[in-house]
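S.K.: Predicted coordinates and the sequence they were generated for:
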Amino acid sequence: MVDGEQVTWVDEPTLRALFETVVPADEWPGAWDGGVGRLLQEHHADLLSWSEAPLARAAMLAEHAASAAYGRPFAALGAAEQSAVVASLVVDPVAAGSMDALITVALQGYYAGTREPAGWRMVGYAAVPDGVEAVEAADPAGIDAGALADHYDVIVVGAGAGGGAVAAELSERGRHVLLIERARPIRNGDLRGNHLQGKRTGLYDVRVGPHAGNPRVLEHADGSAEVLRGEGDSLAYGLNAMVLGGGTRVWQGMSWRFWEQDFRMASTYGVPAGSTLADWPFGYEELEPYYERAEWELGVAGDADSAVGRATRRRRGYPMPAMPGDRTRDTFTSAAGRLGISASPIPFAINTVDRAGRQACVRCPQCIGHACPVDAKNGAQNTFVPRALATGRTDLLLGAQVTSIQHDGGGTASGVVGVVAGPDGEREFRARADRIIVAAGTIETARLLLASGLGNEWVGRNHMTHGVALAMAGTAPDIKETVGPGHSVATVDFVHHDPNGWGGGVIFDAALQFPYDKAQAGRQLAAEPFGHAHKAWMRDTPNLVGTMSMVQEIPHEQTRVSLDPVVTDRRGMPAARLRGTAHEATKANVAEMARHCSDWLEAAGGRDIVTRELPIAVQGQEHSAGTARLSADPADGACDPTGRLWGTRNVYVADASLHVTNGGFNPALTVIANALRVGALM
């Protein structure tokens with residue numbers, strides 16, 4: 001191998017031949033015609049600009065190896081000879097990095113892509129099921145910043161789950177509301193069918209943001225810091241959707257109620273040393289009427305007679321029947337019976353019947369991280385925000401980032417200042433109101449309050465997400481169908497089952513993997529990491545089967561959001577600085593739940609099981625909560641029981657920042673229920 005040579009872009013024949021060796025043609029197209037060529041042609045200068053040098057080097061090394069071994073150019077070799085060259089380079093320490101880039105781009109083009117690649121059809125995957133006509137849903141245009149009213153009753157910052165719900169509640173009660181969303185309008189069609197820029201799958205600039213110029217800073221345990229640019233891998237930045245509807249625009253829709261014990265964790269379990277664990281200033285009974293409203297006004301499908309439905313006191317069932325059963329649910333339900341535990345359908349905010357002028361779910365397989373092709377998935381963008389606008393009393397301002405809340409220093413806010421995008425670029429805007437409600441998401445809410453100099457010492461503290469326990473089977477029965485929503489069955493028998501377990505968490509079947517994720521797994525599991533063997537493995541191997549748990553996280557002092565003293569965003573606003581480690585109680589909880597995940601998976605026929613324990617996601621994932629928590633006393637939290645920020649007269653919070661604890665479930669339904677409550681009490 002030749003090292004240290006000048007790396008330049010190579011001609012197409014060598015590169016094309018390399019890609020065709022990684023994913024060769026058979027009854028299905030090879031890599032180049034199957035999506036790689038199109039992906040490179042369309043995105044070599046932006047999304048794939050990182051790959052130019054390693055791909056050029058891979059081609060150069062392949063030419064050297066072909067010449068040395070066979071005396072001919074790589075593209076002139078036979079298929080067996082080309083495979084032998086690639087196999088030798090893959091294990092060569094000098095070439096391994098370049099070959100990894102080659103295989104990665106090949107798999108991205110063939111199994112992910114920004115438009116439907118050949119690999120999808122080959123493995124039986126269709127973003128829009130055959131025979132289904134996609135329904136286009138577009139954001140409302142909103143108003144121009146020049147049309148802002150002189151004064152509003154309420155300004156709501158953020159049009160996600162909490163902001164949308166509280167805006168609808170207040171405008172229907174007769175208030176004049178300005179709802180501000182930092183994202184520009186976007187069509188649902190731009191938020192599906194692109195697995196390279198989807199929220200959960202996004203390896204590149206994610207369509208739902210944050211986009212360039214919006215960094216965060218991650219502080220590591222050793223005190224070093226890393227700037228998260230937000231322009232690439234969505235997992236590295238945090239799975240926060242910055243779009244009208246927030247996370248509910250591209251979520252999968254799991255809609256659980258917290259349990260009664262979740263509101264009194266400290267009383268139930270005690271307070272572990274070093275934690276900030278506390279009870280909510282009210283109990284489940286206070287939120288129950290709003291849970292009911294959230295389920296019916298959002299639209300949740302579930303089974304009130306199942307173990308999930310019976311787990312909490314409720315006065316009314318779900319408005320729609322649960323998602324239909326499938327092989328996954330049947331198999332795991334039988335396994336649960338053998339273990340002596342319950343199994344239930346998962347409650348989803350997805351139409352299982354035509355409802356509210358929108359049709360029922362068509363079972364597309366890309367629910368997670370993508371917009372629904374028929375608008376059957378319910379979120380703030382197609383429920384609460386349209387309701388608010390329909391009153392004629394809500395103005396929606398899109399493409400606008402609030403950079404500060406204006407106040408007199410004595411606790412009274414008068415309005416907001418920010419930057420709004422327009423046809424001629426960005427400009428400053430100002431808006432005035434009697435009350436300000438911040439619902440920008442847990443990290444951004446804390447950031448805005450801190451940057452505005454509002455709140456007490458609890459703002460930014462208590463940051464939590466969920467621990468995650470995961471078990472995956474190397475081999476399992478063919479039970480994971482390629483249909484949505486991607487999960488099907490759950491057990492709640494390990495939620496608050498053990499007084500030493502710190503709350504436990506729900507367990508459900510692991511998500512349906514997208515084709516590219518499966519292709520990456522195949523690099524370790526197939527007979528060969530590329531070529532005919534890998535392609536055959538993709539066709540012939542059933543979808544991977546697993547279980548996972550959302551595990552109650554114990555908040556503590558070392559996990560918080562603050563302002564970075566140096567790094568700012570492109571508008572000059574200080575970047576959020578994130579730090580945190582998992583509390584020992586969380587680690588123990590995750591380890592316990594990983595064992596239960598493995599047991600259930602094994603009972604369902606899984607073998608060669610591998611477990612993973614992820615006790616914390618410090619970057620701030622989609623379940624972030626707690627940075628402006630509720631309390632009965634300002635010594636214990638950031639906001640009073642109504643959501644009003646301690647130390648202020650008229651600044652409120654209405655998102656997951658208010659959560660004192662985050663339960664052992666996805667928290668969106670609780671966010672909506674509590675936002676409705678904040679609005680009703682205002």
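M.R.: In hand now; what should we look at? Numbers count the residues shown, from 1 in each chain.

S.K.: for the longest strand seen in the chain, packing partners?
M.R.: As assigned by DSSP state E, the longest strand anywhere in the chain is strand 425-438. Applying 3 or more C-beta pairs under 8 Å, 6 or more residues apart in numbering; DSSP states H and E, one finds that strand 425-438 contacts strand 152-157, strand 177-181, strand 400-407, strand 413-422, helix 442-451, strand 651-653. Every residue, glycine included, has its C-beta placed from N, CA and C.

S.K.: quick check: mean pLDDT across it?
M.R.: Averaging pLDDT along strand 425-438 yields 96.

S.K.: Check which strands are paired with that strand and give the direction for each one.
M.R.: Its sheet considered, strand 425-438 pairs with strand 152-157 (parallel), strand 413-422 (antiparallel), strand 651-653 (parallel) by DSSP bridges.

S.K.: Tell me what angle it forms with strand 400-407.
M.R.: 50 degrees (axes from the mean of the first three to the mean of the last three C-alpha atoms, to 10 degrees).

S.K.: and the angle from strand 425-438 to helix 442-451?
M.R.: Using the same axes, to 10 degrees: strand 425-438 against helix 442-451 is 90 degrees.

S.K.: quick one: strand 425-438 to chain centroid distance?
M.R.: With C-alpha atoms, centre = their mean, to the nearest Å as the basis, strand 425-438 stands 28 Å off its chain's centre.

S.K.: Next: stretch 566-582.
M.R.: 20 Å.

S.K.: okay, how far is it across it, tip to tip?
M.R.: Stretch 566-582 has an end-to-end distance of 26 Å (criterion: C-alpha to C-alpha, to the nearest Å).

S.K.: in that stretch, what's buried?
M.R.: Under the neighbour-count criterion of 16 or more other C-beta atoms under 10 Å, stretch 566-582 has 567, 569, 573-580, 582 buried.

S.K.: State the pair within these that is farthest apart.
M.R.: Largest separation among those by C-beta to C-beta: 573 and 582, giving 29.3 Å.

S.K.: What pLDDT is listed against the closest residue to residue 441 other than its chain neighbours?
M.R.: Nearest non-adjacent residue to residue 441, counting by C-beta to C-beta, 6 or more residues apart in numbering: residue 240, 5.7 Å away. As predicted, residue 240 sits at a pLDDT of 78.

S.K.: same thing with residue 202?
M.R.: 69.

S.K.: sorry, back to before: could you find the lowest-pLDDT member of the buried residues of stretch 566-582?
M.R.: Among the buried residues of stretch 566-582, residue 580 carries the weakest pLDDT, at 86.

S.K.: was I right about that one contacting residue 560?
M.R.: Yes. Look at residue 580 against residue 560 with C-beta atoms under 8 Å: they come within range, at 6.9 Å.

S.K.: which neighbours do those two share?
M.R.: Here residue 580 and residue 560 have residue 463 as joint contacts, going by C-beta atoms under 8 Å, 6 or more residues apart in numbering.

S.K.: Quick check: what element follows the helix or strand of the chain with the lowest mean pLDDT along the chain?
M.R.: Least confident element among the helices and strands of the chain, by mean pLDDT, DSSP states H and E: helix 234-237 (a mean of 71). Heading C-terminal from helix 234-237, the first helix or strand you meet, by DSSP states H and E, is helix 265-269.

S.K.: In TSV, list the strands paired with strand 425-438 along with distance to residue 307.
M.R.: Listed next are the strands paired with strand 425-438 as TSV, based on distance: least, C-beta to C-beta, whole Å:
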stretch	distance to residue 307
strand 152-157	37
strand 413-422	45
strand 651-653	33
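
S.K.: Tell me which of those lies nearest to residue 635.
M.R.: So among the strands paired with strand 425-438, strand 651-653 is nearest, using C-beta to C-beta, at 17.9 Å.

S.K.: Please compute how far the closest one lies from its chain's middle.
M.R.: Remark: strand 651-653 is offset 25 Å from the chain centroid, using C-alpha atoms, centre = their mean.

S.K.: Show me which residues of whatever helix or strand comes next after it are buried.
M.R.: Following strand 651-653 in sequence order, the next helix or strand is helix 668-681 (DSSP H and E). For helix 668-681, a neighbour-count test (16+ other C-beta under 10 Å) marks 668-679 as buried.

S.K.: what are the phi and psi values for the residue nearest to residue 531 when sequence neighbours are not counted?
M.R.: Spatially, and ignoring its direct neighbours in sequence, residue 531 is nearest to residue 83 (5.6 Å; C-beta to C-beta, 6+ apart). Main-chain torsions, residue 83, degrees, to the nearest 10: phi -60, psi -40.

S.K.: Does residue 83 touch residue 21 like I think?
M.R.: Yes. Using C-beta under 8 Å, residue 83 is in contact with residue 21, at 5.8 Å.

S.K.: Compare those two (neighbour count), which wins?
M.R.: Between residue 83 and residue 21, residue 21 has the larger neighbour count (other C-beta atoms under 10 Å), namely 27 against 19.
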